[in-house]
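Enquirer: predicted structure and sequence below. I'll ask about it afterward.
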Amino acid sequence: MKKHPDSYENQQLKQRILALETQLLEQESVLKNNKEKLLDNEETIRNNDQSLLKKDTLIIQKDHKISTLEEYIRYLTNQRFGASSEKLASSQFGLFDEAELLCDEPVVEESTQIPAHQRKKKRPSIPEHLPVTDIIHDLPDDEKFCPHDQTELRHFSDECSKQLDYIPAKMTVLNHIRRKYMCPCCNNYLVTANKPAQPIEKSIASSGLLAQVVTHKYCDALPLYRQSKGIFKRLGVELDPTTLANWVIKCGQLVQPLINLAYDHLRAENVLFMDETVLQVLKEKDRSANQQSRMWVMTNTGERKIVLFHYSPTRETAVAEYMLDDFNGALMTDGYVVYDKIAEIKSLSHLGCWAHARRYFKEASDTQPKGVSGKPEQALAYIQKLFRIEENIKTATDAEKYERRQSESLPILATIKEWLDKSLKQNVQSAKLKKALTYLNNQWPKLIRYTENGAWPIDNNIAENCVRPLVIGRKNWLFAATADGAKASANLYSLAETAKANGIDPSEYFKAIFTLLPQAKTIEDVEALLPWNINKVVD
């Protein structure tokens, strides 16, 4: 049978088609591989992008951390070597006008050369109330003749120059002799003279010695160990620090009636100031030695100035509630949340402290590079204006203060609020500045409340100043050994600072109350020993 003439060509065509199909399959395979590679590359690119994004984020975080640390270094450097005052210098008061205060860009200050000057030293003066001992310097008898004609010289005047002298303290012994009597007839009646009650019965410490120990510790910040090994040892008396500590605790317990009465007087005031600071107590039930306790302070600005310290192991609302008790006036504090709670519970008029707000902006200002002025300085300039108004109306009546605050302070406060709202919407890099702005915003309703009453203060500096002696003392004696010691310290600090606030020498006051308080029988007797009454009793 003969083949079809096209069969060969058909076969060739089929072979070519097959070859093309094979080639197509190979190209599809290559294309698929390329597509897979492309997907892999895209995945790699995405991974690289994510890695780069993470690295960029890490760099941003590190840059922010570096910036924060540099800010903190500048702050600490300024704290260590810079001026401690929070107020702007008079030359900076007009640094910003209203337009600059609302601008966003930092202002670079132009350097100003201040001519050198020499400060005049104040010559110490001699108080007139001190006793004077005359020391007469005279010529020898053989020099009281004129060298020209040998006539006897006549005394016509004196040339005087005064010096301050110091008579060192000395220890003496008080020997109490109680006379005993008996009937010479029957010998059955015996009687012994009474000895006045002592601050610490059966103790060798007199009121004068106890007063000096307490004054040295709570007014001169002299720890008991230094008194024992320094002052008393030089005077030839061995007094163990533990003995001194026991005396101080008993003195603190002795004056508790005075503290109770002082609380009653203080709670009757219209405006109170409160603050607190840390205190370490080594031996306290259910607490470790490194846990921080608190020393609270409450004071006033009335005619009878009172400063009361209260020790507590915690910083809880119950402590402030106890101290305030039935007080129903205006309370000036810092921004600690416990005060907000207690003011709400007792329906008090709660006032915010502009000095605290200023302090945060001062800290933010200290972190800025030298010569650069920005938002912190803007805030400080505003706050300085508020304090300048308060300085100008310091001697005014409450009604006059109210009028001046309404006409002068309120417009400034409105401008500060506008600036604050604008600043909060901006991206603030400085951690210190962010903290200052947040504090100002959170405390704003309390900060502006002082303008509602002429008798209300602008800051809490009075309470902070009362805390300062304790802080200075704490740097020396470091801690309280027991809770009883801390409570005694609170009572004795209270009387020391109250005495000073009323113009009374604490050492004389302590000696008087340690002598008279053990003999007090009634509340009237105790009332007579409060600092503003003590002169009536002692005189």
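Expert: Looks like it arrived, so ask away. Residues are numbered from 1 along each chain as shown.
Enquirer: for burial, what's the neighbour tally of residue 65?
Expert: 10 (other C-beta atoms under 10 Å). Yep, even glycine has a C-beta here, placed from its N, CA and C like the rest.
Enquirer: tell me which element it is part of?
Expert: Using DSSP states H and E, residue 65 sits within helix 7-81.
Enquirer: so for that helix, mean pLDDT?
Expert: Mean per-residue pLDDT for helix 7-81: 80.
Enquirer: just stretch 469-479 next, same as before
Expert: 85.
Enquirer: list the buried residues of it.
Expert: Buried residues in stretch 469-479, counting neighbours by 16 or more other C-beta atoms under 10 Å, are found at 469, 470, 473, 474, 477.
Enquirer: who are the neighbours of the strand ranked longest in the chain, in terms of helices and strands?
Expert: Using DSSP state E to define each element, the chain has its longest strand at strand 271-283. Applying 3 or more C-beta pairs under 8 Å, 6 or more residues apart in numbering; DSSP states H and E, we find strand 271-283 packed against strand 292-299, helix 317-324, strand 330-332, helix 461-477, strand 480-482, helix 483-501.
Enquirer: dump those to CSV, plus distance to residue 285.
Expert: Listed next are the helices and strands packed on strand 271-283 as CSV, based on distance: least, C-beta to C-beta, whole Å:
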stretch, distance to residue 285
strand 292-299, 12
helix 317-324, 17
strand 330-332, 31
helix 461-477, 22
strand 480-482, 10
helix 483-501, 8
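Enquirer: tell me which of those lies nearest to residue 143.
Expert: helix 483-501 (52.4 Å; C-beta to C-beta).
Enquirer: quick one, that closest one and helix 461-477 angle?
Expert: Counting by axes from the mean of the first three to the mean of the last three C-alpha atoms, to 10 degrees, helix 483-501 lies at 130 degrees to helix 461-477.
Enquirer: tell me the helices and strands packed up against helix 483-501.
Expert: helix 207-218, helix 241-254, helix 256-267, strand 271-283, strand 292-299, strand 307-312, helix 461-477, helix 506-516.
Enquirer: please identify the deepest-packed of these.
Expert: Burial of the helices and strands packed on helix 483-501 is given as mean neighbour count (mean count of other C-beta atoms under 10 Å); strand 307-312 ranks first at a mean of 25.
Enquirer: neighbouring contacts of it?
Expert: By C-beta atoms under 8 Å, 6 or more residues apart in numbering, the residues outside strand 307-312 that reach it are 259, 262-263, 266, 279, 293-299, 319, 322-323, 466, 470, 483, 486-487, 489-491, 493-494, 497-498, 501.
Enquirer: who does that strand pair up with?
Expert: Strand 307-312 has the following sheet partners, assigned by DSSP bridges: strand 292-299 (antiparallel).
Enquirer: tell me which stretches of the stretch 101-250 of the chain form strands.
Expert: 107-108, 180-182, 190-192 (DSSP state E, counting those that start in this stretch).
Enquirer: identify whichever of those strands lies nearest to residue 13.
Expert: strand 107-108 (87.7 Å).
Enquirer: between the strands of the stretch 101-250 of the chain, which one is nearest to residue 332?
Expert: Between the strands of the stretch 101-250 of the chain, strand 107-108 lies closest to residue 332; by C-beta to C-beta that is 33.4 Å.
Enquirer: for that closest one, the averaged confidence score.
Expert: 46.
Enquirer: could you do stretch 512-532 as well?
Expert: Across stretch 512-532, pLDDT averages out at 94.
Enquirer: before we move on, what about stretch 168-182?
Expert: 92.
Enquirer: what of stretch 189-196?
Expert: Rounded mean pLDDT across stretch 189-196 is 92.
Enquirer: ok, and what's touching that stretch?
Expert: Under the criterion C-beta under 8 Å, 6+ apart, residues 176, 178, 179, 180, 181, 182, 183, 515, 518, 519 lie in contact with stretch 189-196.
Enquirer: filter those residues to the buried ones?
Expert: Among the contacts of stretch 189-196, those classed as buried by 16+ other C-beta under 10 Å are residue 515.
Enquirer: which pair of the contacts of stretch 189-196 spans the longest distance?
Expert: Pairwise over the contacts of stretch 189-196, using C-beta to C-beta, the maximum falls at 183 and 515, 33.5 Å.
Enquirer: just to revisit the earlier point, I'd like to know which of the contacts of stretch 189-196 is nearest to residue 303.
Expert: residue 515 (26.7 Å).
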